[in-house]
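S.K.: quick one: sequence plus predicted model below, questions after.
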Amino acid sequence: MSTQLSPKTKDCLQERRRIREKYGTSVDDECTRILHRERLAADRDKRKRFKWPNDYKRLYERQKGVCPRCNQPMVFIQGEIHIDHFDAGREDFNADTNLRVLHRTCNESKGANSIIDEAKRKGITVKELLEQQMKEAEV
């Protein structure tokens, strides 16, 4: 299965090849490490410590105690449910509409799957998945 690259991605890869040829791979690798560290530092600012039980309880009750990943009931026990960011790329990262609780095992098996991966797994479109998430957040 071949993946179709966007023109922007193709341009970026071509520029990266040019830099590697001109300056060597070690310079490119070091630049990549620096950019990665800066991105991680920026992401840290978006993080929030959720408080047990208040933040968890609000989301748990909104979902009526059901895990949206496996559609099975959850037991409200600390450590057995995790708060999940539905879309890690959103500007309003910690908004209630972007949060849900999952079984610990469901969240750990999900990893950092994107919205696209989640929609494919459920057999629905990304638009349907986002609409579903918004409906769940309104309840």
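M.R.: Looks like it arrived, so ask away.

S.K.: make it CA atoms for all contacts and neighbour counts henceforth
M.R.: Fine.

S.K.: any idea how far Glu118 is from Asp92?
M.R.: Shown here: Asp92 relative to Glu118, a distance of 20 Å by C-alpha to C-alpha, to the nearest Å.

S.K.: more crowded one of those two?
M.R.: With neighbours defined as other C-alpha atoms under 10 Å, Asp92 and Glu118 compare such that Glu118 has more, 17 against 12.

S.K.: confirm that that one sits in a helix.
M.R.: Yes: under DSSP: H, G, I helix; E, B strand; the rest coil, Glu118 falls within a helix.

S.K.: against Asp11, how distant is Asp124?
M.R.: Asp isn't right for residue 124; it's Ile. From Ile124 over to Asp11 the distance is 32 Å, taken as C-alpha to C-alpha.

S.K.: over to Thr125?
M.R.: Distance from Thr125 to Asp11, by C-alpha to C-alpha: 29 Å.

S.K.: quick check: buried residues in stretch 76-88?
M.R.: For stretch 76-88, a neighbour-count test (16 or more other C-alpha atoms under 10 Å) marks 81-88 as buried.

S.K.: equivalent analysis for stretch 104-123, please.
M.R.: 104, 106-107, 115, 118-119.

S.K.: who touches that stretch?
M.R.: Residues outside stretch 104-123 that contact it (C-alpha atoms under 8 Å, 6 or more residues apart in numbering) are 69-70, 79-82, 84, 86-88, 125-126, 129.

S.K.: confidence-wise, which helix or strand of the chain is lowest on average?
M.R.: helix 25-46 (a mean of 66; mean pLDDT, DSSP states H and E).

S.K.: next SSE downstream of that helix?
M.R.: With elements assigned by DSSP states H and E, the helix or strand that comes after helix 25-46 is helix 54-62.

S.K.: got the CA positions of that next one in CSV?
M.R.: What follows is helix 54-62, C-alpha atoms only, in CSV (Å, rounded to 0.1, in the frame of the first residue of the first chain):
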residue,chain,number,x,y,z
ASN,A,54,-13.7,15.6,40.7
ASP,A,55,-12.4,15.9,37.1
TYR,A,56,-12.8,12.2,36.6
LYS,A,57,-16.3,12.0,38.1
ARG,A,58,-17.7,14.8,35.9
LEU,A,59,-16.6,13.0,32.7
TYR,A,60,-17.6,9.6,34.1
GLU,A,61,-21.1,10.8,34.8
ARG,A,62,-21.4,12.6,31.4
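
S.K.: fine by me, thanks again.
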